[in-house]
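Trainee: Any chance you could fold what I've pasted below:
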Amino acid sequence: MRVSKAALIGVVVGVVVGVGLVSGCSGKAVDAGGDPGRITHRAVAAVALEHLPTDTSSRAASYTSESTPPEQVSVDLRYGADGESDGDLVSVVVSARPPEGDGACRRELGQHCVDLPTEVKGAELQLRWTDEEPEEDPGGVGVVLLRDDGETATIGYSGPVITGDPRELDLPIDVEKLVAVVEDPRLRYQATASTLALGEELDDWKGGEPDPDAYQLVHNTDHGIAQAYVGGRGGYGYYQGVIRSPLRERFGPDAIGGRLLQRSSPGFTGMPDADIDVLAAPSPPAWMTREPCSAPALRAHCVTTKGERGSLVFSWKPAKGDDVGWAWMISMRQDEVVAVRYRGPRMPAGYDEAAALTEWYQGEQLDAQGGEAESEFADDLSLWCDREHLDARPVKQLD
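Mentor: Now for the predicted structure:
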């Protein structure tokens, strides 16, 4: 079967976001006793698999990012994966947060929406689907149960070709089974001990529980900010390692900085040897000023452009004699300055050549990160970073 993750996301997200709040009373989970706790991913999968086929290819927690609401627990169940195809995908989501938006069905995006009857007191049940786009997208099915307190249980199904109302199609997993999953009284954000124990007993679990504190904002480190630069730039194999930058003292006592040792190797012969220092400080040092192209140390060859977060500066010193020169790439932000110094092969005299050597790209390296880039390191090229970033070490630390 052709599976479109985008199709599934479109259906499921449309269901979760697009269903309006309802009034009434919501029931609590009714499985046997024990102290309640936040439902685990394994427990969500275990409950779902009491209604769904158990011959899964994989059972895992869904991928999470910093944009994933902390009150959301989501799992992915795959069927029929064979190494060449990912197979069919069922995603089950439990969320304690009420939906956002006005609850409208996204018909302009090709969604079809039908209210379904439910015996869950004070809840609203809705079926949504998108039809196949031949040779592009097989379509997808989603069902959501929305309780009066805003808590939702959602299931999305993608893989089989959807050519109309899924209730009238001969699907490997029919709508009745999807409804049974979201209506299960154990599928609540606060689960009982027996539901949590059911999850612990689940076999063939491939993906662990995501760390709920992974995206907690913490102080970055000397090595961490250099690793973040690598995360945005790529080319992990270019670097022999990373050390603390000896240039930190030039940026003040509260600065952080790491030095990447870019070295050629048998596997990577296209990159010149260079030392790349990546630094950040609460404010620019006196020798740099907030207008670097006016500073005596930088103004001889200097270009300033406007970025999303503040001015972007590229300053370079062409090679002369035994001096190979250097380049500074600077992001002047409201509450910090981030700077990268590149020193290695002889620095060209012309701006275009120097920018190409250092991969300056008009400041995109510095400006796109910190909130604009679709990178897991997007907010980490800074004095602050997500806690999980400090555990990511693509380049070997040498000190």
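
Trainee: Please count neighbours and contacts with C-alpha atoms only from this point.
Mentor: Noted.

Trainee: Quick check: pLDDT value at the residue lying farthest from the centre of the chain.
Mentor: Going by C-alpha atoms, centre = their mean, the residue of the chain most distant from its centre is residue 321, 46.9 Å out. Looking at residue 321, its pLDDT stands at 95.

Trainee: quick one: which helix or strand includes residue 316?
Mentor: Residue 316 belongs to strand 310-317 when assigned by DSSP states H and E.

Trainee: Give me the packing partners of the following helix or strand past that strand, helices and strands only.
Mentor: Counting by DSSP H and E, the next helix or strand C-terminal to strand 310-317 is strand 326-333. Judged by 3 or more C-alpha pairs under 8 Å, 6 or more residues apart in numbering; DSSP states H and E, strand 326-333 is in contact with strand 310-317, strand 337-343, helix 364-368.

Trainee: ok, residue 276 touching residue 339?
Mentor: No - Residue 276 is beyond contact range of residue 339, at 10.3 Å (criterion: C-alpha atoms under 8 Å).

Trainee: State the helix or strand in which the residue lying closest to residue 128 once chain neighbours are set aside lies.
Mentor: Leaving aside its chain neighbours, residue 128 sits nearest to residue 113 (4.5 Å; criterion: C-alpha to C-alpha, 6 or more residues apart in numbering). Using DSSP H and E, residue 113 maps to strand 111-116.

Trainee: now whichever helix or strand comes after that strand against strand 111-116, angle please.
Mentor: Scanning forward in sequence from strand 111-116 by DSSP H and E, the next helix or strand is strand 124-130. Calculated by axes from the mean of the first three to the mean of the last three C-alpha atoms, to 10 degrees, strand 124-130 forms an angle of 150 degrees with strand 111-116.

Trainee: related to what we said a few turns ago, can you say which of the helices and strands packed on strand 326-333 is nearest to residue 247?
Mentor: Closest approach to residue 247 among the helices and strands packed on strand 326-333 is made by strand 337-343 (9.3 Å; C-alpha to C-alpha).

Trainee: CA atoms of that closest one as PDB?
Mentor: Below are the C-alpha coordinates for strand 337-343, written out as PDB (Å, rounded to 0.1, in the frame of the first residue of the first chain):
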ATOM      1  CA  VAL A 337      25.600  38.300  19.900                       C
ATOM      2  CA  VAL A 338      26.600  35.100  18.100                       C
ATOM      3  CA  ALA A 339      29.800  35.200  16.100                       C
ATOM      4  CA  VAL A 340      31.800  32.700  14.000                       C
ATOM      5  CA  ARG A 341      35.400  33.200  13.100                       C
ATOM      6  CA  TYR A 342      36.800  31.300  10.200                       C
ATOM      7  CA  ARG A 343      40.600  31.000   9.800                       C
END
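
Trainee: Now find how far off-centre that strand is within its chain.
Mentor: Relative to the centre of its chain, strand 337-343 is centred 26 Å away, using C-alpha atoms, centre = their mean, to the nearest Å.

Trainee: before we move on, what about stretch 221-231?
Mentor: The chain centre lies 18 Å from the centre of stretch 221-231; the measure is C-alpha atoms, centre = their mean.

Trainee: do the same with stretch 297-313
Mentor: Worked out by C-alpha atoms, centre = their mean, stretch 297-313 lies 30 Å from the chain centre.

Trainee: where's the residue nearest to the spatial centre of the chain relative to residue 211, distance?
Mentor: Nearest to the mean C-alpha position of the chain, by C-alpha atoms, centre = their mean, lies residue 65 at 3.1 Å. For residue 65, the distance to residue 211 equals 11 Å [C-alpha to C-alpha, to the nearest Å].

Trainee: again with residue 238
Mentor: Taking C-alpha to C-alpha, one finds residue 238 at 30 Å from residue 211.

Trainee: and these two? which has more neighbours close in?
Mentor: residue 238 (23 against 9; other C-alpha atoms under 10 Å).

Trainee: which phi and psi does that one have?
Mentor: phi -70, psi -20 (degrees, to the nearest 10).

Trainee: now the helices for the protein?
Mentor: Here the chain has its helices, by DSSP state H, at 5-18, 41-48, 175-183, 193-200, 222-233, 351-358, 364-368.

Trainee: shaky segments in this protein?
Mentor: Scanning the chain for pLDDT under 70 picks out 1-35, 66, 98-105, 108, 208, 212-215, 234, 267-269, 362-365, 367-379.

Trainee: per-domain residue ranges of it.
Mentor: 5-200, 217-391 (automatic domain parsing).
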